[in-house]
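show me the folded form of this:
(one chain, ligands or ions: 1)
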Amino acid sequence: MQVSRRSFLVGTTSAAFAAATATTRAADPRKTLRIATRQIEVAGKPAKRYRVIGPSEAFGLTLDQGDEFNVRLENSLTVPSGLHWHGLTEPWRQDGVPYLSGPPIAPAAARDFNFPATPPGTRWMHSHFGLQEQNLLAAPLIIRETSAIRSSAQEVVVFLEDFSWETPEAIFDGLRKRPAAAMAQSTMPASTGPSMAGPDLNDVEYDAFLANDRTLDDPQVIRVERNGEVRLRVINAGASTNFTIDLGNLQGTLVAVDGNPITPLAGRRFPVAIAQRADIILRMPPDGAAVPILALGEGRRLQAGVILQPPGAAVAKIGARTDTAGPQVGLEQELELRASAPLNAKPVDRSIPVDLTGTMMGYVWGMPINGMEGLPGTVDRGERVEIAFRNTTMMSHPMHLHGHVFQVVDVNGRPIAGAVRDTILVAPRATVKVVFDADNSGLWAFHCHNLYHLAAGMFATLVYRDFA
Ligand SMILES: [Cu+2]
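This next block holds a predicted model:
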């Protein structure tokens, strides 16, 4: 199925935006999202995968700041499913985690969601049911900031996914049957000494990386204005791949991470860990040439991308395979990030230690809270809570807390007034502290966003003592 251009190309006159916004505000009508299957083409071969079909056949959903999230979600699959709204601060029963927020949506059934669409910014949605996310059950969820609506920059969503011809179940089985020697590399505690080789970057061998459903053999070519300003909304929806965005010779400005504004940071390469987002503003070059926006897979000789094409510009062929492996994604950029809307200064009321662990026998990952596996972390409403991550393993873990945003305040013992996020990559052997305000009572999922780590036990809950 052809991706609707409407979901990626947004008009540029502010009058049109004002009119559209006014119409939406007046009614905030319920929108329908449908979970379905469809066929895509990867390296010339057809693949049947999932799809989230939005209003007017759009890929996902786009709302404006101030809108209600008023959605009917229909499951047209023959299996139970559902969607989690990643990065929104929804009421916990509408969070879409099966058997935690509520039952999954049965085949041919539907469920309604209704809450304020906050916070604004680049969010996304994905299935939290089994391993469905690996079969591309994910889509953009954009709450356009008032500033973006007023800006003349053209918005371009770049939705990144990892693709395998194997079923997710076969991938997971393969990981669990790996010989212990291979596991030792990725899960051995850091304390076993310096004889260890470098960190293990990833453990799934993918066949392709996709940007907006396409490989670089047949990439999406997006019309842009010559010399025009473009706002990329990059979403890493990979199940277990960290990417680095590569703008080539062009300089871009990172203005938001996980949808939340930061002090602008200029650069040509921007790491985006699993489940994270990056909003990058760039100006098309005056020579009118096309610009590829590439996503390099960490530790892999594979890339994905889209092409920005001004009128008349030639589009050169770019290979999906690369000569060198994509760069390691760590915490170097994280240290440079500063929230432009930080949390209020306030002393921490409660600190929760979370160790990220892996065992050498089998593919078993864990995240004991307060040193205890299987018990939820507890908070009281109104508290300023600190989470102190300590990664004892040789793999990085993108840690996501549902229903909240948090601010990164410490990386490897170095205090920073860092970015506000909903997903933080904790690098091998690293320590990271984040703080959040306990202002959304409920029972919340709290987990590693590497799908196979999650499935193998790196999943916990955080509960408010007064939740009901
Ligand atoms: Cu992990």
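
who are the contact partners of residue 229?
By Cβ atoms under 8 Å, 6 or more residues apart in numbering, residue 229 lies in contact with 151, 152, 153, 154, 281, 282, 283, 284. In short, each C-beta sits where N, CA and C put it, glycine included.

give me the subset of the residues you listed that lies in strands.
When DSSP state E defines the strands, the subset of those inside them is 154, 281, 282, 283.

tell me the buried residues within those.
Buried residues within the ones in strands among the contacts of residue 229, defined by neighbour count using 16 or more other Cβ atoms under 10 Å: 154, 281, 282.

name the nearest of the residues you listed relative to residue 380.
residue 281 (40.0 Å; Cβ to Cβ).

re earlier: ok, and which of the ones in strands among the contacts of residue 229 reach the ion?
The subset of the ones in strands among the contacts of residue 229 within reach of the ion, by Cβ under 5 Å from the ion, is empty.

return the closest of those with respect to residue 354.
For the ones in strands among the contacts of residue 229, the closest approach to residue 354 (Cβ to Cβ) belongs to residue 281, at 34.1 Å.

how near is the closest one to residue 303?
22 Å (Cβ to Cβ, to the nearest Å).

what residue, apart from its backbone neighbours, is nearest the residue of the stretch 251-400 of the chain found nearest the ion spatially?
Here the stretch 251-400 of the chain gets closest to the ion at one residue, residue 397, 3.3 Å apart by Cβ to the ion. Closest residue in space to residue 397, ignoring its immediate chain neighbours: residue 448 at 4.5 Å, by Cβ to Cβ, 6 or more residues apart in numbering.

next: residue 61.
Using Cβ to Cβ, 6+ apart and skipping the chain neighbours, the partner closest in space to residue 61 is residue 54 (4.8 Å).

that neighbour: neighbour count?
Neighbour count for residue 54, taken as other Cβ atoms under 10 Å: 23.

wait, it sits on residue 60?
Yes: using Cβ atoms under 8 Å, residue 54 is in contact with residue 60, at 5.3 Å.

all the strands of the stretch 1-150 of the chain, residue numbers only.
31-42, 45-53, 61-64, 68-75, 84-86, 110-116, 121-126, 138-144 (DSSP state E, counting those that start in this stretch).

dump the ones you listed into CSV; add mean neighbour count, mean pLDDT and distance to residue 371 as well.
Formatted as CSV, those follow (neighbours: other Cβ atoms under 10 Å; pLDDT from 0 to 100; distance: least, Cβ to Cβ, whole Å):
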stretch, mean neighbour count, mean pLDDT, distance to residue 371
strand 31-42, 17, 96, 39
strand 45-53, 17, 96, 38
strand 61-64, 22, 97, 40
strand 68-75, 19, 98, 37
strand 84-86, 24, 98, 28
strand 110-116, 16, 97, 35
strand 121-126, 26, 98, 31
strand 138-144, 25, 98, 34
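
what residue ranges in the chain score low on pLDDT?
By pLDDT under 70, the low-scoring segments of the chain are 1-28, 179-199, 360-361.

next one: phi and psi at the spatially most central residue of it?
Nearest to the mean C-alpha position of the chain, counting by Cα atoms, centre = their mean, stands residue 275 at 2.1 Å. Dihedral angles of residue 275 (phi, psi; degrees, to the nearest 10) stand at phi 80, psi -10.

contacts only, for it.
Shown in contact with residue 275 (Cβ under 8 Å, 6+ apart): 86, 124, 236, 237, 398, 400, 423, 449.

got CSV for those residues, with distance to residue 41 and secondary structure too?
CSV is the format used below for the contacts of residue 275 (distance: Cβ to Cβ, whole Å; DSSP: H, G, I helix; E, B strand; the rest coil):
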residue, distance to residue 41, secondary structure
86, 27, strand
124, 23, strand
236, 22, strand
237, 19, coil
398, 29, strand
400, 31, strand
423, 30, strand
449, 27, coil
